[in-house]
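1. Sequence and predicted structure below; questions after.
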Amino acid sequence: MEHQKSQRSAVRGSFIRGLSFLLVLSVLQRLIGFERSVYFCRVLDASSYGLWELSYSFLVVVSPLVVFSLPGVLGRYAARFGKLGLLRRFVWKIGVISMSSTCCVSAAIWLFPSFWSQLLYHSQAPSFMPLLIGTAIALIVTNGMNFFWEMFTALKDLRGTALLQFGNSLLFAGLSKIYLHESPTAVAAMTAYTMACGLTLVWSLWRAQHVWRRLPPSRESLPMVMLLRQVGPTAIWLWSGVVLILAFDYFDRLLPVHLVGDEVAIRWVGTYGCARVVPQLLVSVTTMCVAVLMPHFATDWEHGQKRRLSAHWNSFWKFQTILLVTTALVIQWSVPLVLRPLFLERYPGAESILPWVTVGAILPALMAIVQSYLTCAERLGRAVLLLAIGLGLKVGLAILLIPRYGLTGMVSAAVLASGVTLLMLLYAAYRSGLRPSYASLCLMGLVILPGLGAWFGTLGWGIAIGGAIWWIHRSEWRRIRRVIRHLGPFRP
């Protein structure tokens with residue numbers, strides 16, 4: 001008995017150490033990524049940064065698209081196939097399918113560069129071909145690295161997961177300074193990214209050998225029909241959701257190029273990307289918090305404690321909304337002292353759109369919180385449908401606004417589509433059992449305050465805080481008077 005307790009304590013301690021290591025390196029990784037993005041804005045002009053944004057965003061969307069999100073199901077089904085004694089074959093087949101499909105798409109980019117150049121840059125100019133070929137190579141190493149990241153996570157190698165992410169960010173930041181110092185172009189940035197992912201992939205192969213040896217040999221074969229029957233439905237829903245979420249962000253960059261179709265549109269994309277560098281941290285931090293709290297939400301749901309889940313969800317929603325709006329206003333006030341001399345002055349128009357770009361970053365962060373509830377409630381199909389409707393709305397608004405209003409139209413289409421999608425997701429969560437409090441709904445209306453600018457946004461935030469204090473004070477006095485009346489008159 002004592003031996004079993006000591007084993008459990010050792011396993012629990014190892015897990016906590018690994019999770020703490022992962023969280024610390026995740027925070028450091030985001031700080032390194034932020035510093036690298038700022039460096040890109042300082043050394044690249046608007047056109048070069050726009051081309052980098054188009055190419056990198058294409059990689060982010062196409063990477064899960066071409067592998068059908070199969071590596072994403074490793075964590076969900078590793079325990080099941082481990083019980084069947086087929087874990088090795090399961091991981092191996094997912095890897096083979098993923099890399100085979102990735103190589104096929106990369107070869108298609110090599111063989112038909114004119115089509116892909118027209119799709120990405122709305123141009124078939126020879127000057128885009130080196131960047132396109134670099135993107136095709138980067139797709140292979142990116143998906144290879146992503147597969148090992150999912151593999152390490154599924155096999156509970158938290159240290160390997162953390163080191164892979166952190167090492168890739170560190171290598172990318174270091175190589176970017178080397179390559180961009182020599183040639184500040186989008187091709188140099190893509191070369192640095194490809195080299196960083198390639199070196200990370202080599203390290204992942206070495207690490208995977210040690211992890212692979214710990215897996216028990218598979219006793220039987222794993223037919224492809226059995227594999228697809230087990231993981232196919234989950235992979236399809238996961239694939240649809242991930243691709244729609246990524247496409248929701250990617251279309252902000254792709255649509256101006258196809259609707260306007262000249263060098264000006266590429267500069268708009270670069271300016272828009274520069275304005276998003278700091279606000280994008282809000283989405284990143286919120287996504288990380290959602291990932292940490294997701295198991296707690298799922299536990300409440302599995303135990304049938306929907307009221308408790310709604311209470312926890314409301315607490316997190318209110319805390320995160322207050323944090324996001326306050327941080328967004330701090331960003332507004334930091335523009336003249338920090339952001340403008342640091343990099344904003346290199347991009348004409350970036351400072352003018354920053355307030356509403358910040359609002360456009362808050363809305364997807366809140367969408368991620370709502371999606372966490374829909375995931376617990378197993379309403380992924382409903383979330384995917386609403387995201388598809390929101391994406392269609394964004395395309396329609398972009399067609400109407402971008403040709404007429406240009407860069408302002410880009411931001412307006414993104415904010416309006418994100419706001420409507422958030423409302424639809426929140427209603428779907430309400431129909432699935434979520435009960436948002438009145439305070440949560442009121443705070444949601446305050447996310448537009450950063451769009452009013454530093455002075456008016458801060459004034460509105462101060463009025464909201466003053467009103468909340470007055471309401472709490474009034475409610476507290478009501479409660480005290482009720483207690484006094486209940487006690488009755490004082491008799492010595």
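-> Alright, I've got the coordinates.

2. By neighbour count, which bits of the helix or strand hosting Ala196 are buried? Give me those.
-> Using DSSP states H and E, Ala196 maps to helix 186-213. If you call a residue buried by 16 or more other CB atoms under 10 Å, then helix 186-213 has these buried ones: 186-201, 203-204, 207-208, 211. Placement of C-beta: from N, CA and C, glycine included.

3. Mind giving me the packing neighbours of that helix?
-> helix 46-66, helix 129-154, helix 158-182 (3 or more CB pairs under 8 Å, 6 or more residues apart in numbering; DSSP states H and E).

4. helices or strands up against the second one?
-> Using 3+ CB pairs under 8 Å, 6+ apart as the contact criterion, the secondary-structure elements in contact with helix 129-154 are helix 46-66, helix 74-83, helix 87-111, helix 113-121, helix 158-182, helix 186-213.

5. which stretches of the stretch 351-492 of the chain have low pLDDT?
-> 472-492 (pLDDT under 70).

6. now the helices for it?
-> With DSSP state H, counting those that start in this stretch as the criterion, the stretch 351-492 of the chain has helices at 380-405, 407-431, 438-445, 454-487.

7. Tabulate these (JSON lines), appending mean neighbour count and distance to Leu259.
-> Below are the helices of the stretch 351-492 of the chain laid out as JSON lines (neighbours: other CB atoms under 10 Å; distance: least, CB to CB, whole Å):
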{"stretch": "helix 380-405", "mean neighbour count": "17", "distance to Leu259": "5"}
{"stretch": "helix 407-431", "mean neighbour count": "21", "distance to Leu259": "9"}
{"stretch": "helix 438-445", "mean neighbour count": "15", "distance to Leu259": "31"}
{"stretch": "helix 454-487", "mean neighbour count": "12", "distance to Leu259": "30"}
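
8. So for Trp116, which of those sits nearest?
-> Of all the helices of the stretch 351-492 of the chain, helix 380-405 sits nearest to Trp116, with 20.5 Å by CB to CB.

9. which helices and strands sit right next to the closest one?
-> Judged by 3+ CB pairs under 8 Å, 6+ apart, helix 380-405 is in contact with helix 224-260, helix 350-376, helix 407-431.

10. buried residues in whichever helix or strand comes after the first one?
-> Going down the chain from helix 224-260, the next helix or strand is helix 263-275, by DSSP H and E. Using 16+ other CB under 10 Å as the test for burial, helix 263-275 gives Val264, Ala265, Ile266, Arg267, Trp268, Val269, Gly270, Thr271, Tyr272, Gly273, Cys274, Ala275.

11. which one of those sits closest to Leu441?
-> Looking across the buried residues of helix 263-275 and measuring by CB to CB, the closest to Leu441 is Ala275, at 28.7 Å.

12. Give me the contact list for stretch 189-206.
-> Residues outside stretch 189-206 that contact it (CB atoms under 8 Å, 6 or more residues apart in numbering): 40, 44, 48, 52, 55-56, 131, 134-135, 137-138, 141-142, 144-145, 148-149, 152, 160, 163-164, 167-168, 171-172, 175-176, 178-180.

13. domains of this structure?
-> Domain assignment for the chain by automatic domain parsing gives 14-233, 276-478.

14. which parts of stretch 30-42 are buried?
-> Arg30, Ile32, Gly33, Phe34, Arg36, Ser37, Val38, Phe40, Cys41.

15. I meant to write stretch 98-109 there.
-> In stretch 98-109, counting by 16+ other CB under 10 Å, buried: Ser98, Met99, Ser101, Thr102, Val105, Ser106, Ile109.

16. CA atoms of that stretch as PDB?
-> Output of stretch 98-109 as PDB, limited to C-alpha atoms (Å, rounded to 0.1, in the frame of the first residue of the first chain):
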ATOM      1  CA  SER A  98      -0.200  13.300 -42.700                       C
ATOM      2  CA  MET A  99       3.200  13.600 -44.300                       C
ATOM      3  CA  SER A 100       2.100  11.900 -47.500                       C
ATOM      4  CA  SER A 101      -0.700  14.400 -48.000                       C
ATOM      5  CA  THR A 102       1.600  17.300 -47.100                       C
ATOM      6  CA  CYS A 103       4.200  16.200 -49.700                       C
ATOM      7  CA  CYS A 104       1.500  15.900 -52.400                       C
ATOM      8  CA  VAL A 105       0.300  19.500 -51.800                       C
ATOM      9  CA  SER A 106       3.800  20.800 -51.700                       C
ATOM     10  CA  ALA A 107       4.600  19.100 -55.000                       C
ATOM     11  CA  ALA A 108       1.400  20.600 -56.400                       C
ATOM     12  CA  ILE A 109       2.700  24.100 -55.500                       C
END
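
17. Show residues contacting that stretch.
-> Under CB under 8 Å, 6+ apart, the answer for stretch 98-109 is 62, 66-68, 70-71, 116, 132-133, 135-137, 139-140, 143-144, 147.

18. for Leu238, what are its contacts?
-> Leu238 touches Ser69, Gly72, Val73, Leu380, counting by CB under 8 Å, 6+ apart.

19. Name the nearest of those residues relative to Ala247.
-> Ser69 (13.4 Å).

20. Now for that closest one: which residues touch it?
-> Ala235, Leu238, Trp239, Val242, Val243.

21. What about the nearest residue to it once chain neighbours are set aside, how many residues nearby?
-> Take Ser69 and drop its neighbours on the chain: the residue closest to it by CB to CB, 6 or more residues apart in numbering is Trp239, 3.7 Å away. Counted with other CB atoms under 10 Å, the neighbours of Trp239 add up to 19.
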